[in-house]
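A.B. asks: Pasting the sequence and the predicted model now:
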Amino acid sequence: METWLTTQELLGLTSLPSSDRGISKKAIRENWEKRQREGVKGKTYEYAFSSLPQEVQAEYLLKNTTLPKPSAVEKQAEKQMTESAWNVLASATNEQERRAERRFNAVMKLKGLLDMRLKLMDAMDRVVEHFAGQEGEAVSRGSLKRWWYKVKNHPQSNWLPLLLDRVERDTTSRYAKIDELAWQFFLGEYCRQAQPNFAICYEELCYAAEENGWVVPSLNTLKRKFNRELTPAQIALMRGGEHALRELVKPQRRSVAHLEALEIINGDGYQHNVFVDWYADGSRPIRPKTWFWQDVRTRRILAYCVDDSENGNQIRQATLRLIKQYGIPKKILMDNTRAASDLQTSTQTKRGKRNKAIVVDGLFERLGIQVIRTLVFKGRGNGRAKPIERAFRRDGLPAYIDRNRRCEGFFTGDSPTEKPENYQYKKA
């Protein structure tokens, strides 16, 4: 029975144009066999599968051939196969079954292309290309040819057990032996949060083995056994704790596409790498600290205030400048520092005594601004995850302020090991 396909069913094939109109033009140009039928938006055409180019037929079959599930194949094959063959399949390991299923899928793809009268070598090349890059056993041209000739003269219901590996490699004898007590001793010695050196722990193991008569392999063999039997997550948890385990998780990727300007702003203080004679009484020079407010949606710096330290007055002054120029934001993201938790700023005291009899509404509460804290507690949370932290990188605000020509001679360097030649030559 002839199969008829619409242009919608042909979309997505790499061997055809990517639009309905392009496919229709190609069909007219190559004189595909077609018939008319009623569609949702009026009359449309269907094209005979046999009239399509051979490469289109092959790609369509590769993408749309529905393979029977292994369980269904097993039910059908149990009626036709001998009991001994299915006993072999039942005793196979999970890894053997997965390899057999992958080979079965590849052979079924090949059979579908051969039924279209493609040449064997061309069909094999298409199947190999289809499975390239996928996880699992590699499907090469030579392997596919060997599998095909192994099953082609048998009923299709028998192909799955025929493609099964009959011998599973025994790798247990490849590894050197170690006494269980010695292994547990080493794990207890090495898997501590003090993070001792592997070689030193191995040396301690050798001393204990001499006293107890344990069999111990070489250092490199023990290291391979350790990496083979313990996962990176287990090692991180035992040697680094929960915080080290969390570091293995990929950082969250967040989007700001749904936000509006001034819906959420974030702020933080930055200590400049410039020494300044700040006080008129001749006190020691200091490195000033600036509080910045930044819009999360646009990443624009909205307001700032410079002072000798991070404090509540500084944050309120920067907020006043922000509101005067841009208005009141809806939410504020900031750290839970002492200055950011000032009573007059956010009605929250982080440290010190508080007179509970006197209720004072903070600046943010009176303005109806929701405060979001970046809490860091026992390794949970990350105060450096705020968007403004990226502006504090070397190529961000420090490059425009600390390294400005007007601060030449006052710049202290980004770290104690990167001090310029004229460090503290003079002070601003």
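C.D. replies: Arrived safely.
A.B. asks: measure residue 225 to residue 104 for me?
C.D. replies: 36 Å (CB to CB, to the nearest Å). (C-beta placed from N, C-alpha, C; glycine too.)
A.B. asks: who's more crowded, those two?
C.D. replies: residue 104 (23 against 16; other CB atoms under 10 Å).
A.B. asks: does the more buried one sit in a helix or strand, and which one?
C.D. replies: helix 94-115 (DSSP states H and E).
A.B. asks: With residue 318 instead?
C.D. replies: Using DSSP H and E, the element containing residue 318 is helix 312-326.
A.B. asks: counting contacts, what elements does the next helix or strand along the chain from that helix pack onto?
C.D. replies: As assigned by DSSP H and E, the chain's next helix or strand after helix 312-326 is strand 331-334. Counting contacts by 3 or more CB pairs under 8 Å, 6 or more residues apart in numbering; DSSP states H and E, strand 331-334 packs against strand 264-271, strand 370-373.
A.B. asks: Give me the distance between the helix or strand just after strand 331-334 and the centre of its chain.
C.D. replies: Following strand 331-334 in sequence order, the next helix or strand is helix 343-346 (DSSP H and E). Chain-centre distance of helix 343-346: 39 Å, with CA atoms, centre = their mean, to the nearest Å.
A.B. asks: Buried residues of whichever strand or helix holds residue 207, list them for me.
C.D. replies: Element membership for residue 207, per DSSP H and E: helix 198-212. By neighbour count on 16 or more other CB atoms under 10 Å, the buried set for helix 198-212 is 201, 202, 205, 208, 209.
A.B. asks: Nearest to residue 138 among the residues you listed?
C.D. replies: Distance to residue 138, by CB to CB, is smallest for residue 202 among the buried residues of helix 198-212, at 37.2 Å.
A.B. asks: Check the nearest residue to the closest one once chain neighbours are set aside and give its pLDDT.
C.D. replies: Computed as CB to CB, 6 or more residues apart in numbering, the closest residue to residue 202 that is not its neighbour in sequence is residue 219, at 5.1 Å. At residue 219, the predicted lDDT confidence score is 93.
A.B. asks: do the same with the one 5 residues further on
C.D. replies: On pLDDT, residue 224 comes in at 91.
A.B. asks: How about whatever helix or strand residue 224 lives in, which residues are buried there?
C.D. replies: According to DSSP H and E, residue 224 maps onto helix 219-229. Of all the residues in helix 219-229, those buried under the rule 16+ other CB under 10 Å are 222, 225, 226.
A.B. asks: so residue 293 makes contact with residue 301?
C.D. replies: Yes - counting by CB atoms under 8 Å, residue 293 does reach residue 301; the two are 7.4 Å apart.
A.B. asks: mind checking the backbone torsions on residue 258?
C.D. replies: phi -90, psi -10 (degrees, to the nearest 10).
A.B. asks: And for it, the neighbour number?
C.D. replies: Using other CB under 10 Å, residue 258 is surrounded by 7 other residues.
A.B. asks: do residue 294 as well
C.D. replies: There are 22 residues near residue 294, going by other CB under 10 Å.
A.B. asks: Not counting sequence-adjacent ones, nearest residue to it?
C.D. replies: Using CB to CB, 6+ apart, the closest residue to residue 294 is residue 388 (4.4 Å).
A.B. asks: Residue 266 is in contact with residue 256, correct?
C.D. replies: No - under the criterion of CB under 8 Å, residue 256 makes no contact with residue 266, lying 11.2 Å away.
A.B. asks: Quickly list what's touching both of the two.
C.D. replies: Common neighbours of residue 256 and residue 266, using CB atoms under 8 Å, 6 or more residues apart in numbering, are residue 296.
A.B. asks: Which one's more surrounded, these two?
C.D. replies: Remark: of residue 256 and residue 266, residue 266 carries more neighbours, 23 against 14, as counted by other CB under 10 Å.
A.B. asks: ok, the more buried one touching residue 385?
C.D. replies: No - Residue 266 is beyond contact range of residue 385, at 9.9 Å (criterion: CB under 8 Å).
A.B. asks: Spatially nearest residue to residue 275 (excluding sequence neighbours)?
C.D. replies: Counting by CB to CB, 6+ apart, the residue nearest residue 275 is residue 285, at 4.4 Å.
A.B. asks: re the thing from before, confirm that the residue nearest to residue 294 sits in a helix.
C.D. replies: Yes - checked against DSSP: H, G, I helix; E, B strand; the rest coil, residue 388 lies within a helix.
A.B. asks: Report how many residues lie close to it.
C.D. replies: 23.
A.B. asks: Let me know the closest of the buried residues of helix 219-229 to residue 18.
C.D. replies: Closest to residue 18, out of all of these and judged by CB to CB, is residue 226, at 52.1 Å.
A.B. asks: got the contact list for that closest one?
C.D. replies: 186, 190.
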